[in-house]
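1. Return atomic coordinates for the entry below.
(2 chains)
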Amino acid sequence: MGSNMAEAHPVGFQWVMEAKARGARVVHIDPRFTRTSALADQHVTLRAGTDIAFLGGVINHILTNDLSFREYVQAYTNASCLVGERFEDTEDLDGLFSGYDPRTASYDASSWAYESVPVEERPGGRAKEQAAPYQHGSGGPPMEGGAQGIARDLSLEHPRCVYQVLKRHFSRYTPEMVERICGVPQDLFLDVCRAWTANSGRERTAALVYSVGWTQHTVGAQYIRAGSIIQLLLGNVGRPGGGVFALRGHASIQGSTDIPTLFNLLPGYLPMPDVTHESLAAYLDGVRRPGQKGFWGNADAYTISLLKEYWGENATEENDYCFDYMPRIDGDHGTYRTAMDMVDGKVFGYFLLGQNPAVGSAHGRLQRLGMANLDWLVVRDLTMIESATFWKDAPETETGEIVAQQCRTEVFFFPAASHVEKSGTFTQTQRMLQWRDQAVEPVGDQRSELWFFHQLGLRLRRRLAGSTDERDRPLLDLAWDYASEDGEPSAADVLRHINGIDLRTGRTVGGYTELKADGSTACGCWIYSGVYADEVNQARRRKSRFDTGPYDAEWGWTWPMNRRVLYNRASADPQGRPWSERKALVWWDAERGEWTGHDTPDFERTKPPDHVPPAGSSGPAALRGDDAFIMMSDGKGWLFAPAGLADGPLPTHYEPHESPVRNLLYGQQASPVRKVYGRPDNPSNPAPPEAHGEVFPYVFTAARLTEHHTAGGMSRQLPYLAELQPELFVEVSPELAAERGLTHLGRAHVITSRTAVEARVVVTDRMAPLHIDGRVVHQVWMPYHWGQVGLTTGDVVNDLIGVVADPNVFIQESKVLTCDIRPGGRPRGSDLVDYVEDYRRRAGITPWTGVRIVTAGGHDGPGHTEGDPWEGPS
Amino acid sequence: MSRENSFHGPLADPAADAGHLGHPPRMGFFTDTSVCIGCKACEVACKEWNNVPEDGIDLLGMSFDNTGMLGAGSWRHVAFVEQERPLGRQDAGLADLPTGPSRSEAAAETVSRALPVAGRGGGDLGTAPVHLGFPSFELPGAGTGAQGRTEFRWLMSSDVCKHCTHAGCLDVCPTGALFRTEFSTVVVQEDICNGCGYCVSGCPYGVIDRRPDDGRAWKCTLCYDRLRGSMEPACAQACPTDSIQFGPLDELRERAARRVAELHGAGVPEARLYGHDPGDGVGGDGAFFLLLDEPEVYGLPPDPVVPTRDLATMWRYAGLAAAALLTAATAVFLEAGR
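-> Next up, the predicted model:
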């Protein structure tokens, strides 16, 4: 679901084909019939943006027909935990959970807590500004007292136990409701339910695959939560052939969240300190709570080792390991906020590395106008991309909004070395690091990113040498001591530092359990610890599965600790025996007194399955022998999230920000905590209950073609790829073509309140209309790879998309919006501006459109605009 | 092996027939289109390795196929076929949706009809002034579902030179530029080819083609250089789902037979092999296919025959005719001499 795996991840798709050859049934649920559907056993067309309604229907099917894997659910999930009495569900509040504050459009999550857990009230306004839920990263959010007794009802009958709360929450997600919301006929929906449940349990497991088709929504994190709930209920987590597979958007995007390029995270999913953290102790208290279970309990060792890696000998216990040198965040510094701040003149310089926001980010126009308002811009890329040339050839130069002679931004273009011209690792979607050696020398001035930043650091320090200004200390005190190979900083040595070093012996540590909080170890990323164990580059291993067994234990290296399946303790029953021989993965070997199996056990090696920790313990020591989810603060897989999410403890169907239909389940139309940016330069198309939605009657979704690479910088410049998909096109069904008079291969243009883009029409049976609550809804699809530079050029599809985001992670809703489509080319020059303005006028669009977030219970909530965007209705 | 037989019919060892002694087994491709995902990695890998030029950045509108056909600039070609019919037991999920009639066939037919006469390699099709003449639709908006399309499948198939047992191109080449390798494959030597073009009309599949710049003929070499270096051809190595399989032809034929049986068992009765039969008009192909429909659907000739098949017969008839003429002429003289 939400994945076009065959096209976007063709190399990984070979394993799906192999599974199919062995008898696996492949179901593809997607708004259109893609190359993935062509190879699936079943394709299900659904309306873009309604996946939670579908998944909620599956959850309801499982619960009402009692199809869950009961023993697994009882032992390893929080199904039996009792939720506090203050909790109120969306069923009670017309689509809102308890704790909602309409003024900040955020939740105080304290009422979602377990019954026996102490919580203070925590208004969600600040958390929403820094995408706090993302900061919980690889483990769960902190929760005080998770190690102590949480009130439970193992019979799962108590009306406030998670199992019953879940049942009630999803009780109206019936097959009939799924059909009305998603457009999926009931028979087809029930077929999928049957296939999913029949292939789960003791003897069988089912895998769930998603990609950016799930993440790029205002409720993206909750899409994944919904999928995870199903997989937990069916016992498909931590077991072979099960799991929730997040197929990442690019090579090593997994790596760039593990060692992040994100404003709110440090390596290993440690949160970025914020302005409230006056000391290291205060920071650590925010990461872990007293008396919670699990391996986040050792966050002090991970953090102090990271500070030791950054500042080396300068980091001492006396100076809090230079914790004060860390930058602090004080709000939203995400990519879209930054682009708007550029427009508003608050940002002066910008580095762009391997990214082409002029084409690849939502609302490309906003990105370009922002970049045109900087002092300087550094672009490092393989070719001259649109984000380096926008000042002379952006679409805004055609409309007169950017004039080359007047554009103030000074652009520095640095040619970059490609992946074959430098050595290093990729971290792929399965968390596996694979080392690659340099194949050829880079040409001319092309340099690696590593060289660039190493040199930048050296040169800045040279400039600042001798400075007595306190603010220069963090830079001057950096260790910055990487070994060099032929004048280049050694990537292998960097990986060694990431692995971590025992400072007393100078040798690499064997794994994160060896990291210390006393300053005797340094480690660049605790979850990667072990990748250079025994001074060997473990990521460079290439022993075939034919020599090492199906889990490829010696091919590359997977974090954490070379585990291929996370939480694999759950593959054995509470007594430590495999649930079935067929699905054996790890198990307790009573004779040798240790966990063993085909994979590295994700559990303390010698902790027996019947272990009960002594009272008063916390951290890893507080984990019971059957607490399979060792990163969670209560050791359990969370069906219900008592903390940690900005938008609710349970997934709930909300319509997308822009939708042609009213929410059929609740008065609350769209996510009540979605992040909106009400500005004149970021208009929204109206959605019910707002009027004039008919001006943009169709559902729009965009995605990739296998022949091109994202924003096209690596494909539109290459003749062998450009000729395979030579021109921007828009896919429509024969029915929509008839409705709008579109002809195959003719020209058409797609319009939103942001702009209009032109493309060739492809009329295809692969697109089909849907019945949504008694009316016919059409969907329109476009690939988004084109821009004005390269062998094949075209309009920027992302210009159609406005900025509205998921509050947990700040991902934009670019997978679903509304649009109109008309035959013929779009107006050119300044006529385009007038044309789009006319559409906005007909749709009655103002900065207040789409930002009156609360619609539950007939409320007329406040509009969330930035300041007072202009004189007008409010 | 008689010389006469080497122009058609089964031939156990084409390399030996061509004079190679102690040669490796016959190597070839088995392309299993039932697992092709249409990624076109084969096309790109082929061009990269063999330095085949870009040959047209033109939107053709034949589903996702913008290559069009095999030629001097495309030695691998992935065909995309959209059809209003089911694939085995696959459920396309269209039942009960508010669909109207299919347009797959209309689009494919009209594009293929217009392509040969279109400018810019077909890249301007549909943008005026060429009118494609699609049937118009009377149904405004959605259909009722009653007459709507309910079935759909999307076939993909990577086509390539067949490296025939009896290769028409090779047999008609007057310069010896085309030759039979020790792997029994058929290769053009670019430094010998003089661009006469006989091979183009000699190929029953329409594979080999001349480049417009210097007129020389080009086609797939089955990566002869890689084979000599004990590597598999670039396309097969790049194929992520093993739709393109490379190996000794005997092995591939066994594997293919098993795969067809497997698919038949799995409810795909339409699976069939193409080009595997040594008794066919070209003596069997070195590159053969598993198809899910009639060959014509993929743009393949249903019954390819090497033009030289009838050469011996033609010579025999010509000889007979000559003999008859001679006899007649002699008879005339004999008559006259009486």
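
2. what's the domain layout of chain B?
-> Following automatic domain parsing, one finds the domains of chain B at B:4-90+B:154-305, B:311-338.

3. where are the low-confidence patches of chain B?
-> Confidence mapping of chain B against pLDDT under 70 gives the ranges B:1-6, B:119-120, B:128-146, B:336-338.

4. Now do the buried residues in the longest helix belonging to it.
-> Assignment by DSSP state H gives helix B:311-337 as the longest helix of chain B. By neighbour count on 16 or more other Cβ atoms under 10 Å in any protein chain shown, the buried set for helix B:311-337 is residue B:312. No exception for glycine: its C-beta is placed from N, CA and C like everyone else's.

5. neighbours around residue A:740, how many?
-> For residue A:740, the count of nearby residues is 19 (other Cβ atoms under 10 Å in any protein chain shown).

6. per-residue confidence for the residue lying closest to it once chain neighbours are set aside?
-> For residue A:740, the nearest residue in space outside its immediate sequence neighbours is residue A:821; the separation is 5.7 Å by Cβ to Cβ, 6 or more residues apart in numbering or on different chains. In the prediction, the pLDDT value recorded for residue A:821 is 98.

7. Tell me what residue A:821 is bridged to.
-> Counting by DSSP bridges, residue A:821 is bridged to residue A:750.

8. on that earlier part again, if you count contacts, what does the longest helix of chain B end up packed against?
-> The contact analysis (3 or more Cβ pairs under 8 Å, 6 or more residues apart in numbering or on different chains; DSSP states H and E) places helix B:311-337 against no helix or strand.

9. so how far is that helix off the chain centroid?
-> Taking Cα atoms, centre = their mean, to the nearest Å, the mean C-alpha location of helix B:311-337 is offset from the chain mean by 41 Å.

10. can you pull out the strands in the stretch 101-250 of chain B?
-> Along the stretch 101-250 of chain B, the segments classed as strands by DSSP state E, counting those that start in this stretch run B:153-160, B:178-180, B:186-188, B:209-210, B:217-218, B:244-248.

11. Looking at those, spot the one closest to chain A.
-> Among those, strand B:153-160 comes nearest to chain A, with 3.9 Å by Cβ to the nearest Cβ.

12. In chain A, where's the longest helix?
-> Taking DSSP H as the assignment, the helix of chain A that covers the most residues is helix A:449-464.

13. Give me every residue in contact with it, excluding its own residues.
-> Among residues not part of helix A:449-464, those counted as contacts by Cβ atoms under 8 Å, 6 or more residues apart in numbering or on different chains are A:353-354, A:380, A:414, A:416-417, A:422, A:424, A:472, A:475-476, A:478, A:480, A:482, A:488-489, A:491, A:494.

14. Identify each buried residue in whichever helix or strand comes after it, please.
-> Tracing the chain past helix A:449-464, the next element assigned as helix or strand by DSSP states H and E is helix A:473-476. Of the residues in helix A:473-476, those with enough neighbours to count as buried (16+ other Cβ under 10 Å) are A:473, A:474.

15. One more: stretch B:171-185?
-> When burial is assessed from 16+ other Cβ under 10 Å, stretch B:171-185 yields the following buried residues: B:171, B:172, B:173, B:177, B:178, B:179, B:180, B:181, B:182, B:183, B:184, B:185.

16. list the contacts for the residue nearest to residue A:740?
-> Going by Cβ under 8 Å, 6+ apart, residue A:821 touches A:698, A:730, A:732, A:736, A:740, A:742, A:748, A:749, A:750, A:751, A:780.

17. please redo it, this time with the cut-off set to 7 Å
-> Contact criterion Cβ atoms under 7 Å, 6 or more residues apart in numbering or on different chains gives A:698, A:730, A:732, A:740, A:748, A:750, A:780 as the residues in contact with residue A:821.

18. So the third one versus residue A:813, what's the distance?
-> Here the criterion is Cβ to Cβ, to the nearest Å. By it, residue A:732 lies 22 Å from residue A:813.

19. ok, now the fourth one?
-> Taking Cβ to Cβ as the measure, residue A:740 and residue A:813 are separated by 24 Å.
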